[in-house]
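J.: Based on what follows, work out the 3D shape:
(chains A and B)
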Amino acid sequence: MPEKKELELNPVFSVSEYIEFLNIGLKKFGAAKITGEVSSVKMGPTGHVYFAVKDKSGNALVNCIIWRNNYNLCGVKIEIGQELIMNGCPDIYAPRGTLSFKAKTIELKGEGALKKAYDELKNKLTEEGLFKEEKKRAIPNFPEKIGVITSKQGAVIHDFLNNLGKYGFKTKMIDARVEGQEAVKEILNAIKSFENKDIEVLAIMRGGGSLESMMPFNNEVLVRAIVDFPVPVIVGVGHDKDISLIALAADAMVSTPTAVANLLNQSWDQAILLLERRERYIIDNYEEIVTDASLILEQSLRTIYEIKDLIFEKYRKIDTNTRIAFQNFAYCLQKTEINLKSLWSKSIVLKFESFISTVSQKIENITKIIFFNNPERQLKLGYSIARFNGKIVKSVGSVSTGGDLDIRLVDGLIVSKIKKINKIK
Amino acid sequence: MTKEDVSTQNLTKNLKQLSEITTWFDNQEEVDIEEGLKKVKQAAELIKTSRKRLQSIENEFEEIKKDIDGESKE
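T.: So this is what the prediction gives:
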């Protein structure tokens, strides 16, 4: 084993052990960024790319290999004559004993090349329709759960958070490099990670920069990942002349983190405005209703007071009339009583008393008449009644001598004989 | 004349009889002492009952008057 042999003073390696020993050293110490011009290129059957780069002078050449995954991620189509910058480390392929530079990332070198690659990819994706407006999804209203991909270094995330409104946003951030070819991998991983998270909007942000520094944001894999992302994506990437392709692919693009925050705030801000307007509207309407109600109430009260006054007036009239009627009735009663008393005392009593008096007087008169006419009264006074042949003797001419003369006294009858008659002249 | 209860005797009828008796006396040219005495007795009886009846009526009237006057004072 190499480790054990390192400890020995004069180790003897087998070839494979030695190559393994060298590869460990190369991996540890040979990692570098190199640049050169592509002199040959060959696509392997499994998708890995084998190519060679040389100095412009042509004095030095190194064989290179980039595995399929990394090649697909880098967004560069390797062609002979291109100047590349590669990041990786050397490695000896044991079966052949050849040394190759294993590139992890590659990128084009030079403004022209970068622009050309940008234009070509832009045209290709445009033809595919990835940037079409009708493909854009609307940023949901009142978003709460926000996914953020940016570097935690720098001012971007601070600008974003400082400008995000106090609307109860729940922000999840994944830190990712936003410059250099490593950025593609990290941003892609972050996107993949967010695919399984509960978010409503994804925001990818970075500040502005040169075309070269922006190249990760012109990466085809990232563009497709954004197009296929399950929720709307906002890209807030500063740019000078050329808009980054992921910005074109995004559902909404702005150029600053503040603008991303404003876009997320927008529906909330509008809702607040709408609420304020509605509140004003409700208050105005309510005030109007209250005013109307007050007017109606006042009118109703006036009407009620008027009706009340009318009722009370009527009541007063009825009361007065009733009192008058009662007084009249009482007066009538009094009068009737007086009349009755008068009738009783003056008419009935007096008349009846008078009647009694009259009757009494009459009885007394009759009594007197009877008294005076009572024959016994005369007899008691010494007078007597003489009858001749049954008839009362009022004259001597009605009797004859020798006849019987009956004399009635008060206490008896004297039967006598007439002896002599003397007529008084 | 049969004796009747004073309360049921008719004063008007008595007075009428008494009036007839007095008329009888007024119309007599020749006094029939016997008849006159009868009439006197009849009249005396009528006067007596009439007085009683009148007294009874007066009493009754006083009661009514008292009653009526008492009610009106109340």
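
J.: What is the neighbour count of the residue nearest to A:Asp159 when sequence neighbours are not counted?
T.: Leaving out its chain neighbours, the residue that sits closest to A:Asp159 by CB to CB, 6 or more residues apart in numbering or on different chains is A:Pro257, at 4.3 Å. Using the backbone N, CA and C atoms, a C-beta is placed for each residue, glycine as well. By the measure other CB atoms under 10 Å in any protein chain shown, the count of residues near A:Pro257 is 28.

J.: Does A:Pro257 touch A:Leu164 like I think?
T.: No - with contact defined as CB atoms under 8 Å, A:Pro257 does not reach A:Leu164; the gap is 9.4 Å.

J.: can you pull the contacts of the residue nearest to A:Asp159?
T.: Contacts here follow CB atoms under 8 Å, 6 or more residues apart in numbering or on different chains; on that basis A:Pro257 touches A:150, A:156-157, A:159-160, A:163, A:205, A:207, A:236.

J.: Which of these scores worst on pLDDT?
T.: Within the contacts of A:Pro257, the minimum per-residue pLDDT falls on A:Gly207 (81).

J.: Next up, the contacts around that residue.
T.: A:154-156, A:238, A:257.

J.: Switch these over to TSV; also include distance to B:Thr23 and secondary structure.
T.: Below are these laid out as TSV (distance: CB to CB, whole Å; DSSP: H, G, I helix; E, B strand; the rest coil):
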residue	distance to B:Thr23	secondary structure
A:Gly154	164	coil
A:Ala155	161	coil
A:Val156	160	helix
A:Gly238	163	coil
A:Pro257	156	helix
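
J.: Measure how buried the residue of the stretch 101-250 of chain A found nearest chain B is and give me the count.
T.: Closest to chain B within the stretch 101-250 of chain A is A:Gly168: 95.3 Å, counting by CB to the nearest CB. By other CB under 10 Å, the residues close to A:Gly168 number 8.

J.: any weak-confidence spans in chain B?
T.: B:1-9, B:30-31, B:72-74 (pLDDT under 70).

J.: near chain A, which residues of it?
T.: Applying CB under 8 Å from any CB of the partner chain, one finds that chain B approaches chain A through B:11, B:15, B:18-19, B:21-22, B:25, B:30-31, B:33, B:36-37, B:39-40, B:43-44, B:47, B:50-51, B:54, B:57-58, B:61, B:65, B:68, B:72.

J.: Only whichever of the residues you listed are buried, select them in PyMOL.
T.: Here is the PyMOL command that picks out the buried ones among those, judged by 16 or more other CB atoms under 10 Å in any protein chain shown:
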select buried, chain B and resi 11+15+18+21+22+25+33+36+39+40+43+47+50+51+54+57+58+61+65+68
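
J.: thinking again about what came up before, neighbour-wise, give me the winner out of the contacts of A:Gly207.
T.: Top of the contacts of A:Gly207 by neighbour count (other CB under 10 Å): A:Pro257, with 28 neighbours.

J.: Touching, B:Asn21 and B:Ala44? I think so.
T.: No Asn there; residue B:21 is Ile. No - the pair B:Ile21 / B:Ala44 is not scored as a contact, 10.0 Å apart, by CB under 8 Å.

J.: between these two, what contacts are shared?
T.: A:Ile370.

J.: List the buried residues for the helix or strand containing A:Glu376?
T.: According to DSSP states H and E, A:Glu376 maps onto helix A:375-380. Buried residues in helix A:375-380, counted by 16+ other CB under 10 Å: A:375, A:378-379.

J.: CA atoms of the next helix or strand along the chain from that helix as CSV?
T.: Where DSSP H and E defines the elements, the next helix or strand beyond helix A:375-380 is strand A:385-388. The C-alpha atoms that make up strand A:385-388 are tabulated as CSV, following Å, rounded to 0.1, in the frame of the first residue of the first chain:
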residue,chain,number,x,y,z
ILE,A,385,-190.7,66.7,68.5
ALA,A,386,-194.4,66.3,68.3
ARG,A,387,-196.0,63.9,65.8
PHE,A,388,-199.6,63.7,64.9
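
J.: residue ranges for the helices of chain B, please.
T.: Here chain B has its helices, by DSSP state H, at B:11-27, B:33-73.

J.: what's the last one packed up against?
T.: Just to be clear, that refers to helix B:33-73. In terms of contacts (3 or more CB pairs under 8 Å, 6 or more residues apart in numbering or on different chains; DSSP states H and E), helix B:33-73 is packed against helix A:257-342, helix A:350-373, helix A:375-380, helix B:11-27.

J.: Wait, A:Ile78 touches A:Val41, no?
T.: Yes - A:Ile78 is within contact range of A:Val41, at 5.0 Å (criterion: CB under 8 Å).
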